[in-house]
Structures are given as C-alpha cells and as structure tokens.
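Peer 1: Predicted structure and sequence below. I'll ask about it afterward.
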Amino acid sequence: MRTQAHHSNQIDMLHGPLLGKILLFALPLAASSILQQLFNSADVAVAGRFAGYQAQAAVGVNSPVINLLINLFVGLSVGGNVVIANFIGQRKDREIQDAVHTVITLALISGAFLLCLGQVAARPILTVMGTPEDVLDLSVLYLRIYFLGMPFIMVYNFGSAILRSVGDTRRPLYCLTLAGIINVCLNLLFVIGFHRSADGVAIATVLSNGVSSGLVIFFLLREDEEIRLYPKKLRMNRDILARVVRVGVPAGIQGMVFSLSNVCIQSAINSFGSDAMAGSAAAQNFESFTFFVTNSFNQATVTFVSQNYGAHQFDRCKKVLRLSLTAGFLCTGAMCAAFVLGRNTVIRVFTVEPAVVDYALIRMTHIATFAWLAVFYEVPGAALRGVGYSLTPAIITVFGSCILRLIWVFVLFPNTDSFGRLMYVYPITWLVTSVMMFTAYFYLRKKVYHKDALSR
C-alpha cells in the first residue's frame with residue numbers, strides 16, 4: 001500500500017493543471033543537476049585557488065572526456081525513465097517492477113565497465129587531445145581516480161531516473177545537497193589540509209558520489225511497492241532491456257557524439273595553452289548551470305509525455321511541450337542574463353589569474369549570452385522520445401551539434417587564431433539544430449498521434 005509520505009513525493013501527471021506540476025518536477029531537478037555540476041565546479045575552484053592553475057587546467061580538461069565516456073550510459077537511464085513512466089501510464093504494475101530491477105542491474109554493470117575503461121583509456125585519450133605536457137600526468141591521475149567512482153555515478157543516475165518516472169525530483173535533490181556539502185569540505189581538507197593537488201579533489205568527488213548513490217538506493221529500498229527495489233530480484237528482463245535500449249541508446253549516442261565534438265573543441269582550446277584551458281574550464285561551469293536548467297525541462301517533457309502517451313491523452317502531450325518550452329526559455333534566459341551581467345564578479349570565484357580571467361570572460365560573452373537557444377531543440381527532442389521516437393532527435397542533434405561543430409573546428413577555425421571566433425561555434429549550431437528539431441517534431445507529431453488515435 002502506498003504510504004502518505006511516499007505519495008507526497010510523487011506527481012500525478014495524468015490529471016489536473018500541468019504548469020505547476022511541470023515546475024514542481026523541473027526546478028528541483030535543475031537544482032539537483034546544478035549541485036551535481038558543483039562537484040566538478042568545486043574541484044575547479046579549489047584547484048585554481050589553492051593548488052595553482054596547472055591543477056585547475058588538469059581538472060578542466062577532463063570534463064569533456066568524462067562526459068564522452070559516461071553519456072552512453074546516462075542515455076540508457078533516460079530509456080529507463082521513459083519505459084517505467086510509460087508502464088505507469090498503462091498501470092502495468094508487474095512490468096514496472098521488472099523494469100526497476102532491470103534498470104538497477106544495468107547501472108551496476110555499466111559502472112563496473114566504466115571503472116575499468118577509465119583506467120585503461122585515460123592517458124591515450126588525453127594525449128590524443130593534445131593536453132600540454134606540463135599538465136598531462138596530473139590530468140591522467142585525476143581522471144583515473146574519478147573513474148573509480150563510476151559505479152556510484154551510474155547507480156545515482158539510474159536510481160534517480162526511476163524516482164523521476166513517478167515525478168519525484170525532490171529526494172535526488174536532497175541526496176546531492178548533502179553530497180555536495182561533503183564534497184566541498186573534503187576538497188578543502190585534501191587540498192589545504194593534506195596539500196594534495198588534482199588527485200585530492202578527485203578523491204573528494206568519488207567519496208561524495210558514494211554518498212549520493214547510497215542515499216538513492218536507501219530511498220528505493222523503502223519506496224512504494226510499484227517502484228520498490230528488492231536486491232534479491234536484481235536481474236535483466238530481456239524484453240524490458242530491449243525497450244530501454246531502443247529509447248536509451250540513441251539518446252546515449254547523441255550524448256557521446258555531442259561530447260566528442262566538445263573533445264575536439266577542447267583540443268582546439270588546448271592549442272592556446274594552459275591559461276586558455278584554465279579560463280575555459282572556469283567559464284564552462286556557468287554554461288553547465290544554464291544547460292541543466294534547460295535539461296530539467298527536457299526531462300520533465302519526456303516524463304510527462306511518456307505517461308500521458310501511455311494513457312492515450314494526446315492533447316495533454318501537446319500541452320506539455322508548449323508549457324515546458326515557455327517555462328524552459330524563461331528560466332534559462334533569466335540565468336543566462338544573470339551570469340553575463342555579473343560575469344566580471346562571478347568568474348573570480350574560480351580564478352584571479354589575469355590571463356585566465358581574460359579567456360574566461362571571452363568564453364562567457366560568446367556562449368552564455370546565447371545558451372537559452374538550446375531549449376528550442378532539447379524540449380521538442382524530449383517530446384519525440386516520450387512517444388518512442390528516440391532515433392530522430394539523436395540524428396538531428398548529431399548533425400547540428402557535432403558534424404557542424406567539427407566542420408567549424410577543422411575547416412573554418414584553422415584560418416584564424418581568434419579564441420572568440422572558436423567560441424561562436426556553439427550559438428550557431430544551437431540555432432541550426434533548433435530549426436531542424438522543430439521541423440521534425442511537427443511532422444512526426446501529426447503522424448504518431450493520428451495513427452494512435454485511429455488504433456484505439
């Protein structure tokens with residue numbers, strides 16, 4: 001029987017007004033994602049302030065590498081979210097239970113695989129990226145330690161996806177709040193108290209990720225019957241795994257290819273030297289914050305659409321897109337404006353080195369000013385995934401946010417030595433991808449809703 005405490009953490013997505021529920025879902029999720037990013041931001045800030053710019057560069061250069069290696073599996077967690085939410089809309093309790101245990105089993109296997117991969121691939125990847133010799137060894141050490149915590153990261157992300165499928169975005173926020181405080185304290189302890197460098201901040205991140213994943217598992221062990229975790233039931237259901245993979249792999253490949261383009265851009269940034277690497281790493285934190293606001297409405301869209309599509313409530317699916325798009329644009333735009341207007345102040349949280357600050361301000365001016373554009377391809381793409389079209393938005397995003405960026409880096413950028421011109425790659429590709437995604441959404445929406453309405 002569902003307890004009142006657990007019920008209060010869930011959202012009824014199938015009945016009543018939508019806007020308030022979308023905000024109740026999205027805003028805690030945005031806060032959770034920002035806190036998760038603060039793990040890395042705290043690493044960058046503490047390294048830059050107390051361990052020097054080389055340690056800061058070593059931490060910053062790893063962000064696109066980490067995203068590249070884990071995004072496929074985070075995409076699978078999106079598949080788990082969609083599948084479970086769809087079963088909830090159809091009220092298939094047994095399938096919900098099978099999906100929960102399949103998803104957690106997949107998380108454990110994914111985490112173990114990434115742990116091993118990180119140890120082997122760290123140096124080759126960073127070398128191929130052209131990481132300068134003065135920070136290469138430190139960068140490799142940071143990455144190898146970071147990947148020791150991959151099982152924790154996978155369990156947290158997949159477990160949070162299960163909680164999101166019933167509208168619970170608050171308890172993952174509580175997990176990350178506590179873990180974030182622990183991370184900052186441990187960063188300061190290892191770097192200032194024990195005089196460690198990038199390795200110290202990596203160890204702090206691993207330990208804090210262990211706390212957040214442990215809390216998510218604790219919640220799932222005590223959850224309502226429909227999504228409760230029973231360790232003895234951990235196994236793969238082949239049919240459900242196939243459904244998770246069908247939705248999740250395109251989303252994951254999209255994320256991987258997206259990150260691959262960022263790795264290539266990072267290689268171009270590396271050509272400007274350690275100051276540019278450190279400045280780019282500092283500014284990138286603010287871009288991540290704005291993206292996580294956008295992504296929270298992406299996740300709200302895919303979850304609300306999945307449940308309502310499962311319940312054959314197509315008009316509500318359309319309304320979810322309109323409301324998420326409007327709210328996402330306003331919230332992301334407000335954060336972009338705050339960062340750009342206060343850029344001279346906020347960037348000094350991460351660095352006070354004049355040359356590093358200059359590069360950071362260039363990146364913020366060229367990218368954060370336009371980061372709200374990402375809303376206009378993320379949210380329609382999420383709506384398509386919610387009705388089972390995961391490959392189409394993946395292909396569009398791969399073309400718009402990867403292939404076009406690679407053309408910019410390898411064809412246009414070599415003709416200039418301007419750091420600012422390199423940064424324009426982001427807003428231009430966001431705009432092109434948005435136009436393509438909206439075109440695909442309106443074409444496929446009419447097709448899928450009309451077909452399913454006739455089949456009822």
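Peer 2: Sure thing, it's come through.

Peer 1: Need the contact partners of the particular helix or strand that has Val356 in it.
Peer 2: Per DSSP states H and E, Val356 falls inside helix 354-367. Helix 354-367 is contacted from outside by 48, 53, 56, 272, 275-276, 278-280, 282-284, 286-287, 339-340, 343-344, 347-348, 350-351, 419-420, 423-424, 426-427, using Cβ atoms under 8 Å, 6 or more residues apart in numbering. Any C-beta I mention is one placed from the backbone N, CA and C, and that applies to glycine too.

Peer 1: do stretch 135-146 as well
Peer 2: 54-55, 57-59, 61-62, 65-66, 118-119, 122-123, 126-127, 131, 197-199, 201-203, 205-206, 274, 277.

Peer 1: Type out the PyMOL command that picks the buried ones from these.
Peer 2: Command for PyMOL that selects the buried part of the contacts of stretch 135-146, burial taken from 16 or more other Cβ atoms under 10 Å:
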select buried, resi 54+55+57+58+59+61+62+65+66+118+122+123+126+131+197+198+199+201+202+203+205+206+274+277
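
Peer 1: So which of the contacts of stretch 135-146 sit within helices?
Peer 2: 54-55, 57-59, 65-66, 118-119, 122-123, 126-127, 198-199, 201-203, 205-206, 274, 277 (DSSP state H).

Peer 1: what is the mean pLDDT for stretch 380-396?
Peer 2: Stretch 380-396 shows a mean pLDDT of 89.

Peer 1: Can you give me the buried ones in that stretch?
Peer 2: Neighbour counts over stretch 380-396 (16+ other Cβ under 10 Å) mark 380-387, 389-394, 396 as buried.

Peer 1: tell me which element His15 is part of?
Peer 2: Assignment of secondary structure by DSSP H and E places His15 within no helix or strand.

Peer 1: backbone phi and psi for it, please?
Peer 2: When read as degrees, to the nearest 10, the backbone of His15 gives phi -140, psi 150.

Peer 1: Can you give me the neighbour number for it?
Peer 2: Look at His15: counted by other Cβ atoms under 10 Å, it has 10 neighbours.

Peer 1: Now name the helix or strand holding His172.
Peer 2: Let me fix one detail, which is that residue 172 is Pro and not His. helix 170-188.

Peer 1: Can you show me the CA trace of stretch 176-189 as PDB?
Peer 2: C-alpha atoms of stretch 176-189 as PDB (Å, rounded to 0.1, in the frame of the first residue of the first chain):
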ATOM      1  CA  LEU A 176      23.000  15.800  -3.900                       C
ATOM      2  CA  THR A 177      22.700  18.700  -1.400                       C
ATOM      3  CA  LEU A 178      24.300  16.500   1.300                       C
ATOM      4  CA  ALA A 179      26.800  15.000  -1.100                       C
ATOM      5  CA  GLY A 180      27.700  18.500  -2.400                       C
ATOM      6  CA  ILE A 181      28.500  19.800   1.100                       C
ATOM      7  CA  ILE A 182      30.600  16.800   1.800                       C
ATOM      8  CA  ASN A 183      32.400  17.300  -1.500                       C
ATOM      9  CA  VAL A 184      33.400  20.900  -0.800                       C
ATOM     10  CA  CYS A 185      34.500  20.100   2.700                       C
ATOM     11  CA  LEU A 186      36.600  17.100   1.500                       C
ATOM     12  CA  ASN A 187      38.100  19.300  -1.300                       C
ATOM     13  CA  LEU A 188      39.300  21.800   1.200                       C
ATOM     14  CA  LEU A 189      40.600  19.100   3.600                       C
END
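
Peer 1: For it, buried residues please.
Peer 2: Buried, per 16+ other Cβ under 10 Å, within stretch 176-189: Leu176, Ala179, Gly180, Ile182, Asn183, Val184, Leu186, Asn187, Leu188.

Peer 1: now, which of the residues you listed sits nearest Thr301?
Peer 2: For those, the closest approach to Thr301 (Cβ to Cβ) belongs to Leu176, at 21.5 Å.

Peer 1: pLDDT at the closest one, what is it?
Peer 2: Turning to Leu176, the model gives it a pLDDT of 82.

Peer 1: before we move on, what about Ile269?
Peer 2: 84.

Peer 1: Which residue comes closest to Met423 once chain neighbours are left out?
Peer 2: Nearest-residue entry for Met423: His366, 3.7 Å, with adjacent residues in sequence omitted and distances by Cβ to Cβ, 6 or more residues apart in numbering.

Peer 1: Can you give me the pLDDT of that neighbour?
Peer 2: Looking at His366, its pLDDT stands at 89.

Peer 1: since we're on Leu404, how many residues are nearby?
Peer 2: By other Cβ under 10 Å, 17 other residues sit near Leu404.

Peer 1: try the one 5 residues further on
Peer 2: Neighbour count of Val409, defined by other Cβ under 10 Å: 18.

Peer 1: cool, and Arg238?
Peer 2: Neighbours of Arg238 under the rule other Cβ under 10 Å: 8.

Peer 1: got the contact list for it?
Peer 2: Counting by Cβ under 8 Å, 6+ apart, Arg238 touches no other residue.

Peer 1: and Val201, how far is that from Gly342?
Peer 2: Using Cβ to Cβ, to the nearest Å, Val201 is found at 25 Å from Gly342.

Peer 1: And the helices in the stretch 351-456 of the chain?
Peer 2: Ranges of helices within the stretch 351-456 of the chain are 354-367, 375-386, 391-398, 404-407, 419-423, 425-455, based on DSSP state H, counting those that start in this stretch.

Peer 1: Between helix 354-367 and the last one, find me the angle.
Peer 2: Just to be clear, that refers to helix 425-455. 40 degrees (axes from the mean of the first three to the mean of the last three Cα atoms, to 10 degrees).

Peer 1: Many thanks, have a good one.
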